[in-house]
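[1] please work out how this folds:
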Amino acid sequence: MQYTNHYESPLGNIVLAADAIGLTGLWFEGQKYFALYLDKENEEKELPIFERVRAWLDIYFSGKEPDFEVPLHFAGSSFQNEVWEMLCQIPYGQTVTYGDLAKQLAEKRGLAGMSAQAVGGAVARNGISIIVPCHRVVGKSGSLTGYAGGIDKKIKLLQMEKGYMDTFFVPKESTAP
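    Predicted coordinates:
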């Protein structure tokens, strides 16, 4: 059984979801792939994990890096889960490209290469936004693309982390999966 709750962030309303194992979802209301991994039958309820997530988010939105972790429970495919674990390793205030992630994953799997587009599809479907920092992934040459919460939020999150660079740009046409 999954449970839901809410958080009012400076960037808009956020819906939280969790089960007995950990946080299963964190979505901006109305974002692309909203509640993709949320059980159809869920219950709004206050849980200790939601208090922990709200404390983490309060620190984060104050412009500081939280110094504790939140238990996570990924609900995607094994490939998606592997990509999402990699996202958790991107340091606060830093960015990587989809190509960087594809190269790391290929090396980890002992492959000659991997599609950056396949990695991008997994990144886009990350169900635990912000805490699993998919906003820290950019396209080659600094293209800001592929954030399900919206490019405007991606920019604000990167600026808040002081990871936004003047060389970043918004492409004329979205390449988001």
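
[2] for the top helix by length along the chain, which helices and strands make contact with it?
    If you go by DSSP state H, the chain has its longest helix at helix 48-61. In terms of contacts (3 or more CB pairs under 8 Å, 6 or more residues apart in numbering; DSSP states H and E), helix 48-61 is packed against strand 2-9, strand 12-18, strand 23-28. Every residue, glycine included, has its C-beta placed from N, CA and C.

[3] what lies in contact with the helix or strand of the chain with the lowest mean pLDDT?
    Within the chain, confidence by mean pLDDT, DSSP states H and E is lowest for strand 42-44 among all helices and strands, at a mean of 89. The contact list for strand 42-44, computed with CB atoms under 8 Å, 6 or more residues apart in numbering, reads Met1, Gln2, Tyr3, Thr4, Asn5, Ala17.

[4] repeat that with 6 Å
    Strand 42-44 has contacts (CB atoms under 6 Å, 6 or more residues apart in numbering) with Gln2, Tyr3, Thr4.

[5] equivalent analysis for stretch 13-31, please.
    Outside stretch 13-31, the residues within contact range by CB under 6 Å, 6+ apart are 2-5, 7, 12, 34, 38, 47, 49-50, 53, 70-73, 75, 127-129, 131, 148-149.

[6] most packed of the helices and strands packed on helix 48-61?
    For those, average neighbour numbers computed from mean count of other CB atoms under 10 Å are highest in strand 23-28, which has a mean of 24.

[7] closest to Ser115 out of the helices and strands packed on helix 48-61?
    strand 23-28 (25.7 Å; CB to CB).

[8] tell me how far the closest one lies from the chain's centre.
    9 Å (CA atoms, centre = their mean, to the nearest Å).

[9] got the angle between that strand and helix 48-61?
    40 degrees (axes from the mean of the first three to the mean of the last three CA atoms, to 10 degrees).

[10] grab the most central residue of the chain for me.
    Ser129 (3.2 Å; CA atoms, centre = their mean).

[11] so where's this protein shaky on pLDDT?
    173-177 (pLDDT under 70).

[12] can you give me the domain boundaries for it?
    Domain assignment of the chain by automatic domain parsing yields the ranges 2-61, 78-160.

[13] spatially nearest residue to the residue of the chain most remote from its centre (excluding sequence neighbours)?
    Of all residues in the chain, Ala112 has its C-alpha farthest from the mean position, at 26.9 Å, by CA atoms, centre = their mean. Closest residue to Ala112 apart from its sequence neighbours, by CB to CB, 6 or more residues apart in numbering: Ala106 at 6.8 Å.

[14] ok, the one you found to Gly99 distance?
    Ala106 sits 10 Å away from Gly99, going by CB to CB, to the nearest Å.
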